[in-house]
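Undergrad: Provide a 3D model corresponding to the input given below.
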Amino acid sequence: MRSIWNGSLAFGLVNIPVKLMSATESHAVSFRQIHTEDGGRVRYRKVCELEDEEVAAADTVRGYEMPDGTVVAVTDEDLAALPLRTTKTIEVVAVLPTDRIDPLQMDTPYYLSAHGPDAAKPYLLLREALRRTDTVALTKFALRGRERLAMLRTVDEVLCLHSLLWPDEIRATDHIAPEGRVTVKDAELDLADALMDTLGEVDPDTMHDEYRAALDELITAKLAGELPAPGRPEEPAGADVIDLAAILEQSVAAARKKSRSATGKGAAESAAEPPAKKAAKRAVKGTAKKTAGRTATGATAKGTTKKAAKKTPKKTAAPRRRSA
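TA: Prediction:
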C-alpha cells in the first residue's frame with residue numbers, strides 16, 4: 001500500500017515516525033467524454049484566457065482570487081515556508097470519548113503505519129492506551145495545502161486517522177425540519193417500533209453495489225454486440241401518506257410475510273432433491289402414517305370398549321313376589 005504522506009505523530013513529547021495511507025478505494029465506474037460522430041476522445045486543455053494558448057502544467061501555479069477580482073499567486077515554496085508544526089507532524093491536542101465526535105464531521109479515513117523499527121513500540125503504546133481507555137485522540141495535521149482536524153482511533157491492530165470537517169463547515173439545520181404543529185400518536189409509534197423489529201438486522205459486509213453490477217452487465221453486453229432490453233427503473237413500492245397507521249400496519253404485515261418466506265428455504269432445498277429420493281421419503285412417511293393410524297384406531301377401539309364396560313351398569317334379577 002503506497003503512502004501519501006510521511007511525517008511523525010506527536011503525543012506529548014513522544015514523536016512516532018509514521019506513514020499515511022488511504023484506507024478506502026473507490027469502485028465507481030469512470031466514464032470519458034467522446035465525440036458522438038466518430039467516438040474520438042474529448043480532452044480538456046488548459047488555455048490561458050489572455051493569450052488564448054494552451055499552457056503546460058509546469059507553467060502554472062496556484063492563484064487566490066480576491067473579492068475585487070485581484071489574483072494573488074501562491075507557489076509551492078510559499079506553502080512550504082508556512083510556520084506550521086502540522087506540516088510534517090500529526091499533533092495530538094486532546095483525548096476525548098468517542099461520542100464527542102459528531103458523525104457529520106467524519107470525512108476521509110487513513111491508515112497510519114509505524115515508519116521504521118524504532119517507531120514500533122511507541123506506536124503500540126499509543127494504540128493500546130486508546131484501546132484500554134476506549135477513547136479517541138483529536139489531532140491536527142496539514143495535507144494537500146490545508147490544515148485539517150482529525151480523529152485518531154484504533155481499527156483492528158492499526159491506528160486509523162479520520163479527517164474531520166471543521167465545526168464551521170457544518171451547515172445549520174435551520175428551516176429543514178417540518179414546519180407547523182405535527183403530532184404523532186402513541187399507536188403510530190408502536191407500529192413504527194414493530195416495523196423496525198420485523199426488519200431485523202443485516203451484516204454490512206454482505207451489502208453490495210447493485211447499480212455497479214447492472215452497469216457492468218450493460219457494458220459487457222455492448223462489448224459483445226448485444227443490445228440490452230430497454231428497462232424501466234423500479235419505482236419504490238410506497239404509498240401516499242394518507243392514513244399513516246394503516247400504511248404502517250401494511251408495512252409490518254409485508255415485512256413479516258417476507259420473513260416467513262425467507263424461513264421457507266428448507267422447503268425449496270427439499271424440492272431440489274432427486275425424484276427417486278423424494279418418492280422414497282414419501283413412501284416411508286406414508287407407511288409410518290398408516291401404521292400409526294392402525295395402531296391409534298386399535299387403541300381407540302379398545303379404550304372405547306373398556307370405557308363402555310365401566311359405564312354400563314350390570315343387570316340384576318328382579319326380586320320375586322311372595323304369594324299371599
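
Undergrad: When you work out contacts or count neighbours from here on, use the C-alpha atoms and nothing else.
TA: Will do.

Undergrad: hey, where'd the helices end up in the stretch 101-250 of the chain?
TA: 120-133, 186-199, 210-223, 244-262 (DSSP state H, counting those that start in this stretch).

Undergrad: can you put those in JSON lines and add distance to Ala142?
TA: Output for the helices of the stretch 101-250 of the chain, formatted as JSON lines (distance: least, CA to CA, whole Å):
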{"stretch": "helix 120-133", "distance to Ala142": "20"}
{"stretch": "helix 186-199", "distance to Ala142": "43"}
{"stretch": "helix 210-223", "distance to Ala142": "34"}
{"stretch": "helix 244-262", "distance to Ala142": "49"}
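
Undergrad: and of the ones you listed, who's closest to His162?
TA: Minimum separation from His162 across these (CA to CA) falls at helix 120-133, 14.8 Å.

Undergrad: Make JSON lines out of the helices of the stretch 101-250 of the chain and add distance to Glu179 and mean pLDDT.
TA: Formatted as JSON lines, those follow (distance: least, CA to CA, whole Å; pLDDT from 0 to 100):
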{"stretch": "helix 120-133", "distance to Glu179": "43", "mean pLDDT": "94"}
{"stretch": "helix 186-199", "distance to Glu179": "20", "mean pLDDT": "85"}
{"stretch": "helix 210-223", "distance to Glu179": "35", "mean pLDDT": "86"}
{"stretch": "helix 244-262", "distance to Glu179": "18", "mean pLDDT": "77"}
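
Undergrad: Turn these into a markdown table, including mean neighbour count and distance to Asp107.
TA: Converted to a markdown table, those look like this (neighbours: other CA atoms under 10 Å; distance: least, CA to CA, whole Å):
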| stretch | mean neighbour count | distance to Asp107 |
| --- | --- | --- |
| helix 120-133 | 15 | 21 |
| helix 186-199 | 15 | 29 |
| helix 210-223 | 12 | 23 |
| helix 244-262 | 15 | 34 |
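
Undergrad: between those helices, which gets nearest to Arg43?
TA: Closest among the helices of the stretch 101-250 of the chain, using CA to CA: helix 210-223, at 22.1 Å.

Undergrad: how far does that closest one sit from the chain's center?
TA: Helix 210-223 sits 23 Å away from the centroid of its parent chain (CA atoms, centre = their mean, to the nearest Å).

Undergrad: sorry, back to before: Lys46 is nearest to which of the helices of the stretch 101-250 of the chain?
TA: helix 210-223 (31.2 Å).

Undergrad: Tell me which residues are up against that closest one.
TA: Residues outside helix 210-223 that contact it (CA atoms under 8 Å, 6 or more residues apart in numbering): 28-29, 227-228.

Undergrad: Considering these, which is situated nearest to Gly145?
TA: Ala28 (25.9 Å).

Undergrad: quick check, that closest one in a strand?
TA: No: Ala28 is assigned coil when assessed by DSSP: H, G, I helix; E, B strand; the rest coil, not a strand.

Undergrad: re earlier: who wins on neighbours among the contacts of helix 210-223?
TA: The most neighbours of any of the contacts of helix 210-223, using other CA atoms under 10 Å, belong to Pro228, which has 12 neighbours.

Undergrad: between the helices of the stretch 101-250 of the chain, which gets nearest to Asp59?
TA: Nearest to Asp59, of the helices of the stretch 101-250 of the chain and by CA to CA, is helix 210-223 at 38.8 Å.

Undergrad: May I have the closest one exported as CSV, CA atoms only?
TA: Extracted in CSV, the C-alpha atoms of helix 210-223 (Å, rounded to 0.1, in the frame of the first residue of the first chain):
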residue,chain,number,x,y,z
GLU,A,210,-26.4,-3.3,-7.3
TYR,A,211,-26.1,-0.3,-9.7
ARG,A,212,-22.5,-1.1,-10.4
ALA,A,213,-23.3,-4.7,-11.1
ALA,A,214,-26.1,-3.7,-13.5
LEU,A,215,-23.7,-1.2,-15.2
ASP,A,216,-21.1,-3.9,-15.6
GLU,A,217,-23.7,-6.2,-17.3
LEU,A,218,-24.6,-3.4,-19.6
ILE,A,219,-21.0,-2.7,-20.7
THR,A,220,-20.4,-6.4,-21.2
ALA,A,221,-23.4,-6.8,-23.4
LYS,A,222,-22.4,-3.8,-25.5
LEU,A,223,-18.9,-5.2,-25.9
